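**Q** Dropping a prediction and its sequence here:
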Amino acid sequence: MSISKNIFRGYDIRGVYPTEIDEEVAKTIGKGFATLMKQAGNSEIIVGRDVRLSSDTLFNALVDGITSTGMNVVSIGKCMTPMTYFAREILNIKPSIMITASHNPKEYNGFKICGMGKDTIFGQEIQDLRIFIEKGEFIESDEKGSVREQDIKDIYIDYITDRVKLGDRKLKVAVDCGNGAAGLFARDFFKKLGIEEFLIECEEPDGNFPIHHPDPSQEKNMLEFEKFIVENKCDIGISFDGDADRIICFDENGKILFGDEYMIVIWRDLIHKYPGADAILDVKCTQSLYEELEKMGAKPRFVRVGSSFIKDEIRDYNLIFAGEYAGHIYFNDEYFGFDDSFYSAARTLKILSNTDKKMSELLDGVKRYVGTPEKLVKVNDATKFETVEKCKNTLAERGYKIIDIDGARVVYDYGWGLVRASNTGPNLTIKAEADSKENVEKIMKEIEDVIEMHK
């Protein structure tokens, strides 16, 4: 069958259901991936799924495709994406597929795939899978593979809570599950962690996402939660995206801490254990983080946006910790190095419960810049990377220094601006930061004008 090339993205397979991804696509992907894994000597594939409206039917089709090759399925049921990564470690089964579209709108769905390597396949590996699937050279077995259910909820929660112990300070915690997969596990998790007082918003899993869009890194989605934190006098707010591989924290005043500010809190705790550590930050991150890392004596450098790219860096350089502006947080210190919002929440609460400081005070002394939220500009999905390249060349011709490891981070005397292609949708992501509101608006206008020239 013919499958749209556009669904094979930078680090996952993702598209609109049912126009781009449907049951036949899921079955074909199952056949293709299972064939490759069987040829590599595997016999089982872990499959999990989120709470999206189309996830159950796509699961059934995907499993049909996998088992048609004679490969067996280990179903871990409805879960969070980090639980598929955790299952790979605990069950010692490397191939896995998570059915999810993460934070995308409700009409999307997709697949995050792990093969024989340590982490999710991405980049050329995803394109190689697409090319193989297009050939249609699938194994057809006379004997179908089996499907067995494996409940890992208690193993997963116990693993984290047995290893992360909170301090004596009693915390009041506000939690927002975004009506996503986190709602299946949050209540049991925070109880087992030892949080005696917590309030959960948007707990009921609902693929319609009726309260707000399941992307907590977009502050417009979290305005009511910010009020909720203040009104209930909570010490901290913690929110999760649709598949709960991302975490966004809020201080006691309801102020959002994007991933870059959040990383300062974590690094200030970790650096005593790892003086002079190598530190990476994606190109969306605030200059404040870069400067703070230098002040700590760490060795910061910019890298590409994207969980698969970050995890690759962690493995290649044995980094102890990393994170992204959008809230993917990776602890390779005392954990497995993949992005896990529940583990990150536990480590954050450990820090806060061992100090008398307020959450806001954990960022005391940080130089502040005026920054914009991420803004998405709709463009043609097929030509978005070409558009970014044209923008980059135009800005370079104007004499600006360009950090081009991922799109174009344009360096000004008074700040920076970013334009890059989204790996998860037909958008360009733009963002800016400067020493004043006037200058940040000036940067954003120039970036937007250049995009308009080329889109």
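**A** Thanks, I have the structure now. On a predicted model such as this, the values are computed, not experimentally measured, just so you know.
**Q** can we go C-alpha only for contacts and neighbour counts from here?
**A** OK.
**Q** Excluding covalently adjacent residues, which one is nearest to the most far-flung residue of the chain relative to its centre?
**A** Within the chain, the residue lying farthest from the chain centre (CA atoms, centre = their mean) is D142, at 39.2 Å. The shortest distance from D142 to any non-neighbouring residue, by CA to CA, 6 or more residues apart in numbering, is to G70 (7.7 Å).
**Q** what's the weakest-modelled helix or strand in the chain?
**A** Taking mean pLDDT, DSSP states H and E as the measure, the helices and strands of the chain show their lowest mean at helix 307-317, namely a mean of 90.
**Q** what helices or strands is that one leaning on?
**A** With contacts taken as 3 or more CA pairs under 8 Å, 6 or more residues apart in numbering; DSSP states H and E, helix 307-317 sits against strand 321-323.
**Q** Can you name every helix or strand that the strand it packs on contacts?
**A** Counting contacts by 3+ CA pairs under 8 Å, 6+ apart, strand 321-323 is packed against helix 259-270, strand 278-282, helix 307-317, strand 329-331.
**Q** relative orientation of the second one and helix 307-317 in degrees?
**A** Spelled out, it's strand 278-282. With axes from the mean of the first three to the mean of the last three CA atoms, to 10 degrees applied, the angle from strand 278-282 to helix 307-317 works out at 170 degrees.
**Q** What is the burial count for the closest residue to K284 other than its chain neighbours?
**A** Setting aside the residues directly before and after it, K284 is nearest to Y325 in space (CA to CA, 6+ apart), at 6.0 Å. Neighbours of Y325 under the rule other CA atoms under 10 Å: 23.
**Q** Over to the one 4 residues further on?
**A** The number of residues packed around I329, counting by other CA under 10 Å, is 29.
**Q** Name whatever forms a beta bridge with it.
**A** Taking DSSP bridges as the rule, I329 bridges to G323.
**Q** Was I right to think it contacts I248?
**A** No: no contact is recorded between I329 and I248 when judged using CA atoms under 8 Å, the distance being 9.6 Å.
**Q** Next one: the residue nearest in space to the middle of the chain from G48, what distance?
**A** In the chain, the C-alpha closest to the average C-alpha coordinate belongs to H328, at a distance of 4.2 Å (CA atoms, centre = their mean). As defined by CA to CA, to the nearest Å, H328 lies at a distance of 19 Å from G48.
**Q** And V63, by the same measure?
**A** In this view, V63 and G48 are 11 Å apart by CA to CA.
**Q** tell me, what's touching I329 and I248 both at once?
**A** Contact criterion CA atoms under 8 Å, 6 or more residues apart in numbering; residues bridging I329 and I248 by contacting each: G259.
**Q** Strands along the stretch 351-455 of the chain, start to end?
**A** Chain-ordered strands for the stretch 351-455 of the chain, with DSSP state E, counting those that start in this stretch as the definition, fall at 370-371, 375-378, 401-403, 408-412, 415-421, 427-434.
**Q** just so I know, which of those strands lies nearest I90?
**A** Among the strands of the stretch 351-455 of the chain, the nearest to I90 by CA to CA is strand 415-421 (35.3 Å).
**Q** by contact count, what packs against the closest one?
**A** Packed on strand 415-421, when contacts are counted by 3+ CA pairs under 8 Å, 6+ apart, are helix 384-397, strand 408-412, strand 427-434, helix 437-454.
**Q** Put together CSV for these, with mean pLDDT, mean neighbour count and distance to I113 on each row.
**A** Output for the helices and strands packed on strand 415-421, formatted as CSV (pLDDT from 0 to 100; neighbours: other CA atoms under 10 Å; distance: least, CA to CA, whole Å):
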stretch, mean pLDDT, mean neighbour count, distance to I113
helix 384-397, 97, 18, 23
strand 408-412, 97, 20, 28
strand 427-434, 96, 24, 23
helix 437-454, 97, 16, 33
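**Q** can you tell which of the ones you listed is closest to D241?
**A** When the helices and strands packed on strand 415-421 are ranked by distance to D241, counting by CA to CA, first place goes to strand 427-434 at 18.4 Å.
**Q** Please identify the pairing partners of that closest one and their relative orientation?
**A** Strand pairing (DSSP bridges) places strand 427-434 next to strand 370-371 (antiparallel), strand 375-378 (antiparallel), strand 415-421 (antiparallel).
**Q** what about the residue nearest to V265 when sequence neighbours are not counted, distance to D251?
**A** Nearest residue to V265 in three dimensions, chain neighbours excluded: L362, at 6.1 Å (CA to CA, 6+ apart). Note on L362: its distance to D251, by CA to CA, is 9 Å.
**Q** Over to G15?
**A** Spatial separation of G15 from D251 under the definition CA to CA is 35 Å.
**Q** With G180 instead?
**A** Taken as CA to CA, the span from G180 to D251 is 22 Å.
**Q** More neighbours: those two, which one.
**A** Shown here are G180 and D251; by other CA under 10 Å, G180 has more neighbours (30 against 21).
**Q** Can you tell me how far the residue nearest to the more buried one when sequence neighbours are not counted is from V175?
**A** Taking CA to CA, 6+ apart as the measure, G180 lies nearest to G242, with 4.4 Å between them; neighbours along the chain are not counted. Per CA to CA, G242 is found 14 Å from V175.
**Q** got it, and S141?
**A** Counting by CA to CA, the gap between S141 and V175 amounts to 47 Å.
**Q** Between the two, which is the more surrounded one?
**A** For S141 against V175, the residue with the higher neighbour count under other CA under 10 Å is V175, and the figures read 27 against 12.
**Q** pLDDT below threshold where in the stretch 101-250 of the chain?
**A** Residue ranges of the stretch 101-250 of the chain with pLDDT under 70: none are present.
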